[in-house]
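J.: Following is a predicted model, sequence given first.
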Amino acid sequence: MHHFFAEPSDIRDRDILIRGQDFLHIRDVLRMRPGEVISVSDGVTDREYRCHIERIGEDTVCCRLDFIKEAGVELPVQVSLYQCLPKGDKMELILQKAVELGVHEVIPVRSARSVVKLSGDKAEAKVSRWERIAEAAAKQSRRSQVPAVREVTDFSEAVRQAALMDCALIPYELSDGFSQTREVIGGLKEGERIAVFIGPEGGFSEAEIQEAAEHGIKPVSLGKRILRTETAALVFLSWLVWRFEFS
């Protein structure tokens, strides 16, 4: 079953309207027809609207609601991923998989050892592409919300933002042991806002770790092995999935 998003204002009792890129995808790519069943989310609530297509107009797909399912697909904590800019197209992979695992938002970060330096129009173009990737991943994984991809941010500003959250962590290869990580994850509560920083290929500088610590961001370990930047965030998010959905 195909999954799409509609504006909350376009969900009116039993009538649901789909516009924009999703409309074009239904009409021109999938070539769907009246009577076909789809699922729709409003991008705000954790609900899934099961409906069938009634009519495909010139710029709108008109659907009729069959029933509402309380989806329950969103993590009960809001995870903000502060991902330092990696090389090549690794950010696309990280975004796609992080969305599948339930991330709330992704903030690309310029750090001291980031090889990629994005700013101005180039940064805006990248963020626009990443937003499309996040939306596609949210549809594929039947998320009820599309995670936001924020503008590229300097490390110092990212640290100031993260310090305002309920819990902020920075995995660091020189952190002592795994017991603190286990304790922190075990102590998380539903409804909390969690920030996690993931370094670039060269890791964080000592000055960055010190700056983060001064803002109350805790260095933690991700285990005995050194993980690639495209692996680290996915490991952490997987632990949260286990913590809140399987334990």
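T.: Arrived safely, thanks for sending.
J.: Give me the contact list for the biggest helix by length in the chain.
T.: Longest helix in the chain by number of residues (criterion: DSSP state H): helix 120-140. Helix 120-140 is contacted from outside by 2-5, 91-92, 95-97, 99-100, 106, 108, 118, 143, 145-152, using C-beta atoms under 8 Å, 6 or more residues apart in numbering. For the C-beta atoms, the positions are set from N, CA and C on the backbone; glycine is no exception.
J.: Rounded mean pLDDT for that helix, please.
T.: Throughout helix 120-140, pLDDT has a mean value of 93.
J.: Check which element follows that helix along the chain.
T.: strand 148-149 (DSSP states H and E).
J.: Name the residues that touch that following strand?
T.: Contacts of strand 148-149 (C-beta under 8 Å, 6+ apart): 95, 104, 105, 106, 108, 127, 130, 131, 134.
J.: could I get those as TSV with neighbour count and distance to residue 228?
T.: Converted to TSV, the contacts of strand 148-149 look like this (neighbours: other C-beta atoms under 10 Å; distance: C-beta to C-beta, whole Å):
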residue	neighbour count	distance to residue 228
95	26	15
104	18	23
105	17	22
106	25	17
108	26	17
127	17	23
130	20	19
131	17	24
134	23	21
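J.: Farthest-apart pair in the residues you listed, please.
T.: 104 and 127 (16.7 Å; C-beta to C-beta).
J.: sorry, back to before: let's have the contacts of strand 148-149 in TSV, adding distance to residue 46.
T.: Listed next are those as TSV, based on distance: C-beta to C-beta, whole Å:
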residue	distance to residue 46
95	21
104	12
105	16
106	19
108	26
127	26
130	23
131	21
134	17
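J.: Quick one: find the helix or strand in this structure with the lowest mean pLDDT.
T.: Each helix and strand of the chain was given a mean pLDDT (mean pLDDT, DSSP states H and E); the minimum falls on helix 179-186 at a mean of 87.
J.: any residues touching that one, and which ones?
T.: Taking C-beta under 8 Å, 6+ apart as the rule, helix 179-186 contacts 167, 169, 175, 218, 220, 221, 222, 239, 240, 243.
J.: Can you tell me which of the residues you listed has the most neighbours?
T.: residue 169 (24 neighbours; other C-beta atoms under 10 Å).
J.: who are the neighbours in contact with that one?
T.: 184, 194, 195, 196, 197, 217, 218, 219, 220, 236.
J.: Please parse this protein into its domains.
T.: The chain breaks down into these domains under automatic domain parsing: 3-70, 78-245.
J.: Tell me which strands the helix or strand following the least confident helix or strand of the chain pairs with, and in which orientation.
T.: Once the chain leaves helix 179-186, the next helix or strand it forms, by DSSP H and E, is strand 193-198. Its sheet considered, strand 193-198 pairs with strand 78-84 (parallel), strand 167-171 (parallel) by DSSP bridges.
J.: For whichever helix or strand comes after the longest one, name the packing helices and strands.
T.: Read that as strand 78-84. Note on strand 78-84: by DSSP H and E, the next helix or strand toward the C-terminus is helix 90-100. In terms of contacts (3 or more C-beta pairs under 8 Å, 6 or more residues apart in numbering; DSSP states H and E), helix 90-100 is packed against strand 78-84, strand 105-110, helix 120-140, helix 229-245.
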